[in-house]
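> Would you be able to build a 3D model of this:
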Amino acid sequence: MNTLWTFGDSLTAPFDEKYTWSADYIKWKGYVPKVYGDIMSERLGYTLKNLGVGGFDNYSIFQKFCDISHKIKKNDLVIFGWSSPIRFRLVNSGDNWTTILPKYHNRHSDLKDITEETLSQIIMNRESFKFVDEVNSWIRMMTNMISDVDIIHWTSFDRRIMAIFVENVELIKDETKDVVSDTHFSEKGQLQLSEILLNHYYSDRTKKIKVI
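Next up is the predicted model:
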C-alpha cells in the first residue's frame, strides 16, 4: 500500500488536547476532528504518516523530511504545509531545538545567552525576502531531484512561497462564532483544504499521464 506523508506545523498535525486551543475545540465538538491528512489518505486508500508538529518552523519541517526520507517509496505522496518564513529555531539550555514564534518570543526563557533584544532583532531581520527564497530553493531542489514520488507544497502564510496558497477556508473562530477564538482551520476548513490538495493531485497526475 502507498503512503501519504504529511509535513508541517499545527495546520497539518492532528488535533491534540495538549494544546489549549485544540483541547477547547475538541471539547466544543465533542470528538476529535479529522485533519486533511486523514481525509486524503481515506479517499486515496493510502496509509497515513502525519509528521506535522504544532509550532514547527520551516527548518524543522525540512529536517523532519530529511530524517525519514529513506523510508519514502516509489508512488508515495508527500505533502509539505510550509509555515511562516519569519519563524526560526535556536538551541535551548537543554541542547534541544526551540522554535521561535514571532508573537510569542518573550516566552522562551530557556534559551541560553540569548536576550529579548537579540530575538527581536533576528525577527526583524527575517522579514527579508531572502528567507522566503531559502524555502523556495528547497522546493526547487525537491522538484528537480526527486522522481517517482508525488509532492505537493502548500502554505497559508506567505504568497511568495512557491506553493499552493490556501485562503478562505473556515476557521475555528468562524465555526464556533468565537466561543473558541482561534484562527486554526476548523473541521470544515480541513475538509476544504483536502479538496484543494486532492484536486491539485489529480490534475497533476493527469498532466503527467498526457506527457508520457
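
> Next, the buried residues of the helix or strand of the chain with the lowest mean pLDDT.
None of the helices or strands of the chain scores lower by mean pLDDT, DSSP states H and E than helix 187-211, at a mean of 82. Neighbour-count burial for helix 187-211, with 16 or more other C-beta atoms under 10 Å as criterion, is recorded at 187, 189-194, 196-198, 201. Placement of C-beta: from N, CA and C, glycine included.

> Distance from the chain centre to it, please.
Relative to its parent chain, helix 187-211 has a centroid offset of 17 Å by C-alpha atoms, centre = their mean, to the nearest Å.

> And for stretch 14-22?
Centroid displacement of stretch 14-22 relative to its chain, using C-alpha atoms, centre = their mean, is 15 Å.

> Any chance you could list what contacts that stretch?
With contact meaning C-beta atoms under 8 Å, 6 or more residues apart in numbering, stretch 14-22 is reached by 10, 23, 25-26, 32-33, 35, 38, 50, 52, 54, 172, 180, 182, 184.

> which sections of this protein are below the confidence cut-off?
105-108, 205-212 (pLDDT under 70).

> for it, what spans make up the strands?
3-8, 47-50, 77-82, 88-91, 97-100, 150-155, 164-165 (DSSP state E).

> which ones are touching residue 181?
Counted by C-beta under 8 Å, 6+ apart, residue 181 has contacts residue 173.

> quick one on the thing from earlier: just the angle for the least confident helix or strand of the chain relative to strand 77-82, thanks.
Interaxial angle, helix 187-211 versus strand 77-82 (axes from the mean of the first three to the mean of the last three C-alpha atoms, to 10 degrees): 130 degrees.

> Against which helices or strands is helix 187-211 packed?
helix 36-44, strand 150-155, strand 164-165, helix 172-175 (3 or more C-beta pairs under 8 Å, 6 or more residues apart in numbering; DSSP states H and E).

> Including mean neighbour count and distance to residue 132, could those go into JSON lines?
As requested, those are arranged in JSON lines below (neighbours: other C-beta atoms under 10 Å; distance: least, C-beta to C-beta, whole Å):
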{"stretch": "helix 36-44", "mean neighbour count": "20", "distance to residue 132": "23"}
{"stretch": "strand 150-155", "mean neighbour count": "20", "distance to residue 132": "10"}
{"stretch": "strand 164-165", "mean neighbour count": "15", "distance to residue 132": "13"}
{"stretch": "helix 172-175", "mean neighbour count": "19", "distance to residue 132": "27"}
